[in-house]
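Peer 1: Need coordinates for the below:
(2 chains)
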Amino acid sequence: MNAASLLLPLLLPLIGVPITILFRKQRRLQSTIAFLLMLTALGFTINLLRIVLTTGQPVTVQLGAWSAPFGITLTADLLSVFMLLMTQSVLCAGLLYALGSQEQAVQYRTFYPLFLALSSGLTGAFLTGDLFNLFVFAEIIVISGAALTAIADDKYGVEAAYKYFYISTLASVFFLLGVGSLYVAYGTLNMADLSVRIAADPNAPLAMTGMAFLTATFLIKSATFPFHFWQPDFHAAAPTAVSAMLSSLVVKMGVYGFFRMTTLLFAEEAELLKLLLVILGVIGVLYGGFGALGTHNAKRMLAYSTLAQIGFILVGIGWGTPLSLAAALVFTFNHALIKAAMLMLAGAMASRAAVKSASFEVIVGVGKYHPVAGLLFLIGGMALAGIPPLNGFVSKLMIFWSGVEAAQYIPLLIIGVASIVTLVYVIRAFMRVWFEDNPQAKPKEGDKLLAPALLIVLSLVLGLWSEPLVAFAQTTAAWMLEPNAYILAILGGG
Amino acid sequence: MNILTSLAVGILFAAGVYQILRRNVIRAAIGLVLISNAVNLFLFTTGAYNGTSAAYSTATTQISDPLPQALVLTAIVISMGGFAFVLSLLYAISTRYKTSDSDEVKGLKN
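Peer 2: Take a look at the predicted model:
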């Protein structure tokens, strides 16, 4: 029973890939199947959350009944379920957007199979308890994400996909080097087993090498400051439904890696890594903010903004107190909702412009005929900037509060000032699209606004009634700081 | 033998890095393949103890560690798929941009 509840959120999208390929000629049927499968997977994720919360135990499945350190383990502890819930809800919204989208890319026969492959890769990456298996799922994410970008309407889609794929393959190389080094040092790939062995003998030869390689991998995956250069290109060129997923979820794979590294794998000796995360996070917040100011394209602006927001999350992970970890989790969740909604709105405006582009020169004034989209964009922008009573305010408040508690005043000051920049670029974009006159803007039908509207409503609800999410994140942070339960659930026969 | 394999890994890596830094996109793709093969070899050496028989044998002699071999197999398959994908992307790029110079593939710099 428990095994099925853990496996279904992963298996449904995975099985959906061949099924949707079979129905490639009937587009309507294909998209309906894909959407229904994702909705069911979301339902099972909520069920999984219920099981984990009521039993207070991680759910564990040993694949092929090979017992723990030898086989591949799938584990849903609270952190996994937290990330999974975020992923599945935003993926459902993304599919909903794709259903109502007028882009050519969505008409492409392999769009839905690739989208389902992307979602199974994300789900698997958050559920697996084995480092090498994490590499495999990361590769699924990379290949499906790059293929989805290569079919974009944007004529530079192929270039963006090539860039991303190239960088990600190098990241995979680092990942394999890290996995190999850790295997040499500790003779295991199971994350729980590794955690025990690293704690027992932190100075094994190649242990630090492995940690450095894993850090490099996750820095590239999360597009943190010195490894960010591919990210704005990639996220701006992808089809809207996809770029919303890339910017809100795929970068979170790297963030998840850091959560696991600092609290499970290298729980004791991660001080250096945490310091690095704080420094890079602060630089990312500054760089992303000012980078977003200097862009001429709405999607590109939002991609730079992701850079800044990932910076906030990394700073939260780097401080490593219970409160700051909870803050990082809340930030991760809220950012996924807001950024997906904002990118969808930018894409929806682009689809209503004279030429299909999110460049400010083209979409200026387009909003005149779409006041509802304007309202949604304004709410989303306020949430991004962290204005009460929206969910972005809750996440920023928690980060700042945890910084005060941890007495980290200098990073706090910098990210506080830099977060004001968010307000500047969001308002600038809003004014240009909705309040400037453009004789070329005509009333025109475009992508449906239902998906971003749902996400914005969810952000509003989570801002006004943030108690459950905050409590959930705090419980999760408490679990993360007590990795023994996780280790016992995996290694203690299950 | 150990020195030989380490040298092979090192040389493959160096050659791969050198090719990646070239401006020609095809050479860069070849560099990627060299590097991923260097990593495969590295993974292989992580299990290269002096085993004398295969892991499935019931013999009591020293057996080789089978796990790195499984890892290498998986990594090879994945990198093969990835390389095929890179080549198809390169084909699309070369038909669209009419060049193989990476400095001239810069449509996104806006």
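Peer 1: Name the next helix or strand downstream of the host helix or strand of A:Phe115, please.
Peer 2: Taking DSSP states H and E as the criterion, A:Phe115 maps to helix A:111-127. Next helix or strand after helix A:111-127 toward the C-terminus (DSSP H and E): helix A:131-150.
Peer 1: and the helix holding A:Phe115, C-alpha only, in PDB?
Peer 2: Presented in PDB, the C-alpha positions along helix A:111-127 are these (Å, rounded to 0.1, in the frame of the first residue of the first chain):
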ATOM      1  CA  PHE A 111       5.500  18.100 -26.900                       C
ATOM      2  CA  TYR A 112       3.400  16.300 -24.300                       C
ATOM      3  CA  PRO A 113       5.600  13.200 -24.100                       C
ATOM      4  CA  LEU A 114       8.600  15.400 -23.500                       C
ATOM      5  CA  PHE A 115       6.700  17.400 -20.900                       C
ATOM      6  CA  LEU A 116       5.800  14.200 -19.100                       C
ATOM      7  CA  ALA A 117       9.400  13.100 -19.300                       C
ATOM      8  CA  LEU A 118      10.400  16.400 -17.700                       C
ATOM      9  CA  SER A 119       7.900  15.900 -14.900                       C
ATOM     10  CA  SER A 120       9.000  12.300 -14.200                       C
ATOM     11  CA  GLY A 121      12.600  13.400 -14.200                       C
ATOM     12  CA  LEU A 122      11.800  16.100 -11.600                       C
ATOM     13  CA  THR A 123       9.700  13.700  -9.500                       C
ATOM     14  CA  GLY A 124      12.300  11.000  -9.600                       C
ATOM     15  CA  ALA A 125      15.100  13.400  -8.700                       C
ATOM     16  CA  PHE A 126      13.200  14.500  -5.600                       C
ATOM     17  CA  LEU A 127      12.300  11.000  -4.500                       C
END
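Peer 1: Look up phi and psi at the residue lying closest to A:Trp66 once chain neighbours are set aside.
Peer 2: Once flanking residues are discounted, A:Trp66 sits nearest to A:Ile72: 7.4 Å by Cβ to Cβ, 6 or more residues apart in numbering or on different chains. Heads up, the C-betas are built off the backbone N, CA and C, glycines and all. Per-residue torsions, A:Ile72: phi -90, psi 130 (degrees, to the nearest 10).
Peer 1: hang on, isn't A:Ile72 packed against A:Thr128?
Peer 2: Yes: with contact defined as Cβ atoms under 8 Å, A:Ile72 counts as touching A:Thr128 (7.1 Å).
Peer 1: Pull out the buried residues from whichever strand or helix holds B:Ser79.
Peer 2: Here B:Ser79 is covered by helix B:66-97, with elements defined by DSSP H and E. Within helix B:66-97, the residues that count as buried by 16 or more other Cβ atoms under 10 Å in any protein chain shown are B:67-69, B:71-72, B:74-75, B:78-79, B:82-83, B:85-86, B:89-90, B:92-93, B:97.
Peer 1: how about the strands in the stretch 201-350 of chain A?
Peer 2: Here the stretch 201-350 of chain A has no strands by DSSP state E, counting those that start in this stretch.
Peer 1: residues from it in reach of chain B?
Peer 2: A:Asp233, A:Ala236, A:Ala237, A:His296, A:Asn297, A:Arg300 (Cβ under 8 Å from any Cβ of the partner chain).
Peer 1: Can you tell me which of those are buried?
Peer 2: Buried, going by 16+ other Cβ under 10 Å: A:Asp233, A:Ala236, A:Ala237, A:Asn297, A:Arg300, out of those.
Peer 1: okay if I get the residues you listed as JSON lines plus pLDDT and distance to A:Ile51?
Peer 2: Output for these, formatted as JSON lines (pLDDT from 0 to 100; distance: Cβ to Cβ, whole Å):
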{"residue": "A:Asp233", "pLDDT": "85", "distance to A:Ile51": "41"}
{"residue": "A:Ala236", "pLDDT": "85", "distance to A:Ile51": "40"}
{"residue": "A:Ala237", "pLDDT": "86", "distance to A:Ile51": "40"}
{"residue": "A:Asn297", "pLDDT": "87", "distance to A:Ile51": "44"}
{"residue": "A:Arg300", "pLDDT": "89", "distance to A:Ile51": "41"}
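Peer 1: nearest to chain B, of those?
Peer 2: The closest of these to chain B turns out to be A:Asp233 (Cβ to the nearest Cβ; 4.3 Å).
Peer 1: What are the boundaries of the helices in the stretch 251-400 of chain A?
Peer 2: A:251-260, A:271-293, A:298-319, A:322-352, A:360-363, A:371-385, A:391-405 (DSSP state H, counting those that start in this stretch).
Peer 1: tell me the contacts of the residue most central in space within chain B?
Peer 2: The centre of chain B sits closest to B:Ser36, judged by Cα atoms, centre = their mean, with a distance of 1.6 Å. B:Ser36 makes contacts with A:Thr169, A:Ser172, A:Val173, B:Ala75, B:Ser79, B:Gly82, B:Phe83, as judged by Cβ atoms under 8 Å, 6 or more residues apart in numbering or on different chains.
Peer 1: how about those residues in JSON lines, adding pLDDT and distance to A:Thr188?
Peer 2: Supplementary listing: these in JSON lines, determined by pLDDT from 0 to 100; distance: Cβ to Cβ, whole Å:
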{"residue": "A:Thr169", "pLDDT": "90", "distance to A:Thr188": "26"}
{"residue": "A:Ser172", "pLDDT": "91", "distance to A:Thr188": "21"}
{"residue": "A:Val173", "pLDDT": "91", "distance to A:Thr188": "22"}
{"residue": "B:Ala75", "pLDDT": "90", "distance to A:Thr188": "18"}
{"residue": "B:Ser79", "pLDDT": "88", "distance to A:Thr188": "24"}
{"residue": "B:Gly82", "pLDDT": "89", "distance to A:Thr188": "26"}
{"residue": "B:Phe83", "pLDDT": "90", "distance to A:Thr188": "30"}
